[in-house]
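Novice: Generate coordinates for the sequence data below:
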Amino acid sequence: MKPRPYPVSAQAAIKDPVLQAALANLQQRLGQGAAAGYQRFPEGPELRLKGHDIRLNAIDNLDILLEALADKIGQNGGHVHFAPDAQAAVDHCIAIARRHDVSMAVKGKSMLTEEIGLNPALEAAGIETVETDLGEYIVQLAGEAPSHIIAPAIHKSREAVGRLFRDKLGIPYTDDPPTLTLAARRALRKKFLQADMGISGCNLACAQTGHITTLSNEGNIRMATTLPRVHVAFMGMERIVADLADHDVLLRLLSMGAAAQDMAGYVSYIGGPAEKGRTDGPDAFHLIIVDNGRSRILADPDFREVLCCIRCGACLNMCPVYGKIGGHAYASAYSGPVGAVVTPLLTGINRASDLCLGESLCGACMPACPVNIDLPRMLLLLRAKLAEGDASWDVRVRSRAEQAAFTAWSYLIRNRFVYDLFLKGAAIGQRLLPGTPSMIRRLPFAGRGWTHGRDLKRLAARSFIQRYRNENERRSMK
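Specialist: Numbers count the residues shown, from 1 in each chain. The predicted structure is shown next:
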């Protein structure tokens, strides 16, 4: 199904009382909780600045770190595959599945696999694919996409989940969360035991030790990565650090930013298949490192900072725009402020222009980010490219009429005489517009958007400059 346009989806979300209540609760609980948590670090909130430096250092040395990681994993008996784009990443996974006669795969939550469209590709290849994170499992049963990085089913009420489980799992209707959770657990345990392949994402990778790290609060990722005989992990090429000291800092920041926790419930370090004689762990371990547009971002000094993102969702939990429209309006694996920057860069700035234009630029995302990424700066840069065009990013001017209007406005405000004439003309013309003596209810043409949800104050009978001059004249006559 083709996603609805951003303005249409956003308006529908604003009118959804269940979603509004859920988003308000999420932002109050996690957003404010993370902000308070940063203050509790022994190093203080300045640890975020250290995390930013660690991430930038990793980004600056990606080639060296990725090579070291691949060598270490190879020494541990694992296999590393580099995928330049989404199709290559999917092809690697399908080839691995066919090599091992896989008919069913269980998955831990992974935004990267959402980005590359892995699930439908595996299903098309005849491989049953089951999400095992409870939220992801719910939206998969509903045939929907996740709406939050760490809370994929935040848009679902417990009553909706009860009806869904009744229809899909064949259980009696209930809206009791523990009962619903138990039903999902029973259904998923069978899948864990039947699965030939486990698929996970990668929260962080350490070049020094050659391991990847996964975090969860349900234990599902640990089940998916140890029970099946094959484990395939997907990792964005930027999700790496140099050594364990850097890894420790980012792990703490990630846990706090994501869920206002000192540490996630389950932290797993994985660097290869099970050792000989061990019963837990897969027979084969494959890490697929995905580019899919990240190299282009890396090459741009203005935008490479966004690769510092550790996908915690903290910016979503503070953003007033996300807090009203939710994740589905973004029609992307990545939503909120980071999605408004990343998605245009990965899929096309013109194609995803509504995302960066829809953000409020309030700046709340930056102090919320555990690694202090300056998302407002990059949102403004994207807007500038849409306004002026940019051949290096294949950006065309979004609106020639808007460009002409602002060019004319720039001329007006730099020419006092012309500006005064414009104000006099506007003061006369506004009498034709509907409203009250003090407010305009509706502007014509392109200006209708400004008055769609609010009235506009009419121009005063005398401008500030006129009043200032008159006041000076009055005082000089005394």
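Novice: Which segments of the chain make up each domain?
Specialist: Following automatic domain parsing, one finds the domains of the chain at 41-292, 400-476.
Novice: Just the terminal-to-terminal distance for the first one.
Specialist: Counting by Cα to Cα, to the nearest Å, the length from the leading to the trailing residue of domain 41-292 is 35 Å.
Novice: tell me the mean pLDDT for it?
Specialist: Domain 41-292 carries an average pLDDT of 96.
Novice: Could you do the shortest one as well?
Specialist: The average pLDDT within domain 400-476 is 88.
Novice: so what's residue 240 closest to, chain neighbours aside?
Specialist: Leaving aside its sequence neighbours, residue 240 sits nearest to residue 205 (Cβ to Cβ, 6 or more residues apart in numbering; 4.5 Å). To be clear about C-beta, it is placed using only N, CA and C from the backbone, and glycine gets the same treatment.
Novice: Looks to me like residue 215 is in a strand.
Specialist: Yes: when DSSP: H, G, I helix; E, B strand; the rest coil is applied, residue 215 is found to be in a strand.
Novice: Measure how buried it is and give me the count.
Specialist: 24 (other Cβ atoms under 10 Å).
Novice: who's in contact with it?
Specialist: Applying Cβ atoms under 8 Å, 6 or more residues apart in numbering to residue 215 gives the contacts 203, 221, 251, 254, 255, 258, 264, 266, 267, 268.
Novice: in the sheet, who's paired with it?
Specialist: Listed by DSSP bridges, the beta-bridge partners for residue 215 are residue 267.
Novice: Against residue 201, how distant is it?
Specialist: As for residue 215, its distance to residue 201 is 10 Å (criterion: Cβ to Cβ, to the nearest Å).
Novice: same question, residue 244
Specialist: The gap separating residue 244 from residue 201 is 20 Å, by Cβ to Cβ.
Novice: With neighbour numbers in mind, choose between these two.
Specialist: Neighbours per residue (other Cβ under 10 Å) separate residue 244 from residue 201, with residue 201 holding more: 22 against 13.
Novice: the longest helix in the chain is where?
Specialist: In the chain, with assignment by DSSP state H, the single longest helix is helix 177-194.
Novice: what's the distance between it and the middle of its chain?
Specialist: Relative to its chain's centre, helix 177-194 lies at 28 Å (Cα atoms, centre = their mean, to the nearest Å).
Novice: again, but for stretch 148-155
Specialist: On Cα atoms, centre = their mean, the centre of stretch 148-155 falls 11 Å from that of its chain.
Novice: With stretch 81-98 instead?
Specialist: The mean C-alpha position of stretch 81-98 is separated from the chain mean by 23 Å, Cα atoms, centre = their mean.
Novice: Can you show me the strands along the stretch 251-400 of the chain?
Specialist: Along the stretch 251-400 of the chain, counting by DSSP state E, counting those that start in this stretch, strands occupy 266-270, 284-290.
Novice: so how far is the longest one from its chain's centroid?
Specialist: Between the mean C-alpha location of strand 284-290 and the chain-wide mean there is a distance of 23 Å, by Cα atoms, centre = their mean.
Novice: re earlier: quick check on the contacts of residue 215: which are buried?
Specialist: Buried by 16 or more other Cβ atoms under 10 Å: 203, 221, 251, 254, 255, 258, 264, 268, out of those.
Novice: before we move on, back to that, helices or strands up against the longest helix of the chain?
Specialist: Here helix 177-194 touches strand 104-107, helix 134-141, helix 158-169, helix 220-226, going by 3 or more Cβ pairs under 8 Å, 6 or more residues apart in numbering; DSSP states H and E.
Novice: Could you rerun that using 10 Å?
Specialist: Judged by 3 or more Cβ pairs under 10 Å, 6 or more residues apart in numbering; DSSP states H and E, helix 177-194 is in contact with strand 104-107, strand 128-131, helix 134-141, helix 158-169, helix 220-226.
Novice: Tell me the helix or strand right after it.
Specialist: Per DSSP states H and E, the first helix or strand lying C-terminal to helix 177-194 is strand 197-200.
Novice: List the buried residues for that next one?
Specialist: For strand 197-200, the neighbour count (16+ other Cβ under 10 Å) marks 197, 198, 199, 200 as buried.
Novice: Neighbours of residue 394, how many?
Specialist: Residues within reach of residue 394, counting by other Cβ under 10 Å, total 11.
Novice: Residue 325 now?
Specialist: 26.
Novice: if we can go back for a sec, which member of the buried residues of strand 197-200 is positioned nearest residue 141?
Specialist: The nearest member of the buried residues of strand 197-200 to residue 141, counting by Cβ to Cβ, is residue 199 at 17.8 Å.
Novice: Can you give me the distance of that closest one to residue 336?
Specialist: Noted for residue 199: a distance of 25 Å to residue 336, by Cβ to Cβ.
Novice: residue contacts, the residue lying closest to residue 172 once chain neighbours are set aside?
Specialist: Among residues not flanking residue 172 along the chain, residue 166 sits closest, at 6.9 Å (Cβ to Cβ, 6+ apart). Residue 166 sits next to 172, 173, 174, 180, 183 when contact means Cβ atoms under 10 Å, 6 or more residues apart in numbering.
Novice: ok, the fourth one - contacts?
Specialist: Applying Cβ under 10 Å, 6+ apart, we find residue 180 in contact with 134, 138, 158, 161, 162, 164, 165, 166, 169, 171, 174.
Novice: before we move on, the earlier item: just say which of the strands of the stretch 251-400 of the chain is most tucked in.
Specialist: Among the strands of the stretch 251-400 of the chain, strand 284-290 has the highest mean neighbour count (mean count of other Cβ atoms under 10 Å), at a mean of 24.
Novice: Show me what it pairs with in its sheet, parallel or antiparallel.
Specialist: Going by DSSP bridges, the partners of strand 284-290 are strand 79-83 (parallel), strand 230-236 (parallel).
Novice: Buried deepest among these, which one?
Specialist: Stretch with highest mean neighbour count among the strands paired with strand 284-290: strand 230-236 (a mean of 25; mean count of other Cβ under 10 Å).
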